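K.L.:
Here is the input, now give the coordinates:
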Amino acid sequence: MPLNRISWLAQKKWVTALVAMALFGGTAQATDPAPADLRVIGVDLTKDEQGLRVSIPREHWQDPAKDKLADRDFMAWLPVDFHDGVIEAEMKADLAPGAPDFARGFVGLAFRYDGARFESIYLRPTNGVAQDQVRRNHAVQYAAFPDWRFDRLRRESPERYETAADIAPGRWVHVRIEVSGVRAVLYLDHRTSPVLIVNDLKLGPDQRGGVGLWVETATIAHFRNIRITPR
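P.N.:
Residues are numbered from 1 along each chain as shown. Here you go, the predicted structure:
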């Protein structure tokens with residue numbers, strides 16, 4: 001599939017229920033929806049015994065010798081109309097065979113995706129167990145595509161949009177993101193204390209759209225127990 005091509009796989013009952021939930025209020029929950037229930041941008045999407053498996057084909061891995069490393073728009077996403085509310089999922093990430101040195105097991109959730117722009121909060125699991133404190137401090141990241149990627153945020157506002165976290169490759173982590181206006185708060189593993197607080201979502205309070213299962217180079221990610229609760 002060509003880079004950045006969006007393909008509509010199918011619209012099943014699970015997606016229909018989520019769209020109705022997002023438009024008219026209420027709560028919907030699904031456990032391991034079928035791959036046909038999502039749209040994909042540049043990723044391989046399957047389902048196995050662990051849940052939804054999302055990865056980027058090797059031909060689309062980034063090469064720092066050719067391009068500057070930056071967050072991109074590779075994801076499988078649900079076509080819901082999400083604005084404010086809560087997004088939850090269990091996720092884990094492993095490095096793909098032959099992963100380059102800069103790979104970190106990038107995995108996260110995108111939200112308010114309007115077909116061109118989205119906010120995201122993602123994890124770098126290998127940084128969570130790194131023997132270097134600076135890398136540990138970069139275990140969690142907020143970004144907004146396309147204009148506010150990690151490199152710009154780190155350069156212009158160091159330490160403001162990323163933080164340390166108790167995560168590791170191959171370990172399931174429960175992720176909960178509460179979104180309201182220009183504020184997003186991240187909780188991990190059902191803890192009551194937030195890991196990351198973003199008070200100035202870059203796309204503004206009116207942004208709305210789909211919810212994505214986001215990955216980057218050399219990640220093999222799994223997602224399960226996805227839950228979206230609009231407000």
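K.L.:
residue boundaries of the helices in this protein?
P.N.:
Along the chain, counting by DSSP state H, helices occupy 13-24, 133-136, 150-156.
K.L.:
Comparing these by mean pLDDT, which bottoms out?
P.N.:
The minimum mean pLDDT among the helices of the chain belongs to helix 13-24 (a mean of 42).
K.L.:
For this protein, give me the ranges with low pLDDT.
P.N.:
Along the chain, segments meeting pLDDT under 70 span 1-33.
K.L.:
repeat that for 80
P.N.:
In the prediction, the chain carries residues with pLDDT under 80 at positions 1-34.
K.L.:
what about residue 188, how many neighbours?
P.N.:
19 (other CB atoms under 10 Å). Heads up, the C-betas are built off the backbone N, CA and C, glycines and all.
K.L.:
Report the beta-bridge partners for it.
P.N.:
When bridges are called by DSSP bridges, residue 188 pairs up with residue 175.
K.L.:
ok, now residue 224?
P.N.:
residue 90.
K.L.:
wait, isn't it in contact with residue 50?
P.N.:
Yes - Residue 224 lies in contact with residue 50 (CB atoms under 8 Å); the separation is 7.1 Å.
K.L.:
okay, those two: which has more neighbours?
P.N.:
Per other CB under 10 Å, whichever of residue 224 and residue 50 has more neighbours is residue 224, with 17 against 12.
K.L.:
Pull up the gap between the more buried one and residue 54, please.
P.N.:
As defined by CB to CB, to the nearest Å, residue 224 lies at a distance of 12 Å from residue 54.
K.L.:
what's the neighbour count on the spatially closest residue to residue 126 that is not a sequence neighbour?
P.N.:
Setting aside the residues directly before and after it, residue 126 is nearest to residue 104 in space (CB to CB, 6 or more residues apart in numbering), at 4.8 Å. Using other CB under 10 Å, residue 104 has 26 other residues around it.
K.L.:
Quick check, residue 104 in contact with residue 124.
P.N.:
Yes - Residue 104 sits in contact with residue 124 when judged by CB under 8 Å, with a separation of 3.7 Å.
K.L.:
Name all residues that make contact with the nearest residue to residue 71 once chain neighbours are set aside.
P.N.:
Counting by CB to CB, 6+ apart, residue 71 lies nearest to residue 149, which is 4.4 Å off, once chain neighbours are set aside. Neighbouring residues of residue 149 by CB atoms under 8 Å, 6 or more residues apart in numbering: 70, 71, 143.
K.L.:
Return the residues in contact with the residue nearest to residue 126.
P.N.:
So residue 104 contacts 124, 125, 126, 127 (CB under 8 Å, 6+ apart).
K.L.:
ditto for residue 217
P.N.:
56, 60, 61, 62, 99, 100, 102, 103, 106.
K.L.:
Could you identify the buried members of these?
P.N.:
56, 60, 61, 62, 99, 103, 106 (16 or more other CB atoms under 10 Å).
K.L.:
So the third one sits against residue 218, correct?
P.N.:
Okay, so that is residue 61. Yes - using CB under 8 Å, residue 61 is in contact with residue 218, at 5.9 Å.
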